[in-house]
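Colleague: Have a look; sequence and predicted model below, questions after that.
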Amino acid sequence: MQFLKGSKSNSILTGSCPVCQKESMYKESNPYKLQNILKMHEKCSNCGTKYKMEPSFFFGAMYVSYALGVAVSVAAFIISYVFLGGGLMTTFLAITGTLIVLMPIILRLSRNIWINMFLSYDKSA
């Protein structure tokens with residue numbers, strides 16, 4: 001991922017600070033440790049960027065999460081129904097299972113995308 005350094009894609013995919021991209025925003029790197037899934041550092045220890053810019057800042061990430069969930073559902077539908085030829089119930093179960101399994105990743109990605117809409121990489125940080 002070093003070749004993406006300095007791009008929003010790097011920060012979104014790695015969950016690193018959107019300004020300096022030198023440390024993770026999350027206290028726990030594994031999104032599947034559900035008790036710590038959304039626990040974030042208050043600010044970046046390297047550049048001092050405050051992650052929670054205002055109270056309820058990440059409520060906007062719910063909209064991004066919805067869009068990601070729809071995209072994942074459509075992909076699961078196409079794979080299950082079109083490519084694998086599953087029936088209606090099989091396809092429904094495939095979509096539901098996919099969303100449940102990918103829920104922690106979708107939650108974190110939506111937060112990463114949301115904060116990267118407002119902050120940009122700073123080479124000097």
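Modeller: Received it, and whenever you're ready, just let me know what you need.

Colleague: going forward, measure contacts and count neighbours with C-alpha atoms only.
Modeller: Fine.

Colleague: which helix is the longest one in the protein?
Modeller: helix 88-116 (DSSP state H).

Colleague: show me what contacts the spatially closest residue to residue 114 that is not a sequence neighbour?
Modeller: Using C-alpha to C-alpha, 6 or more residues apart in numbering and skipping residues adjacent in sequence, the residue nearest residue 114 is residue 61, 5.4 Å away. Going by C-alpha atoms under 8 Å, 6 or more residues apart in numbering, residue 61 touches 110, 111, 113, 114.

Colleague: picking up where we left off before, list the buried residues of the longest helix of the chain.
Modeller: Using 16 or more other C-alpha atoms under 10 Å as the test for burial, helix 88-116 gives 91-92, 94-95, 98-99, 103-116.

Colleague: So for that helix, mean pLDDT?
Modeller: Regarding helix 88-116, the rounded mean pLDDT is 95.

Colleague: Not counting its neighbours along the chain, what's nearest residue 62?
Modeller: residue 110 (7.2 Å).

Colleague: residues in contact with that neighbour?
Modeller: 61, 62, 64, 65, 68.

Colleague: where does the protein dip in pLDDT?
Modeller: Residues of the chain that meet the criterion pLDDT under 70 lie in 1-3, 125.

Colleague: Grab the nearest non-local neighbour of the spatially most central residue of the chain.
Modeller: Residue closest to the average C-alpha location in the chain (C-alpha atoms, centre = their mean): residue 109, at 0.6 Å. Of all residues not flanking residue 109 in the chain, residue 12 sits nearest, at 6.5 Å (C-alpha to C-alpha, 6+ apart).

Colleague: Good, we can wrap up now.
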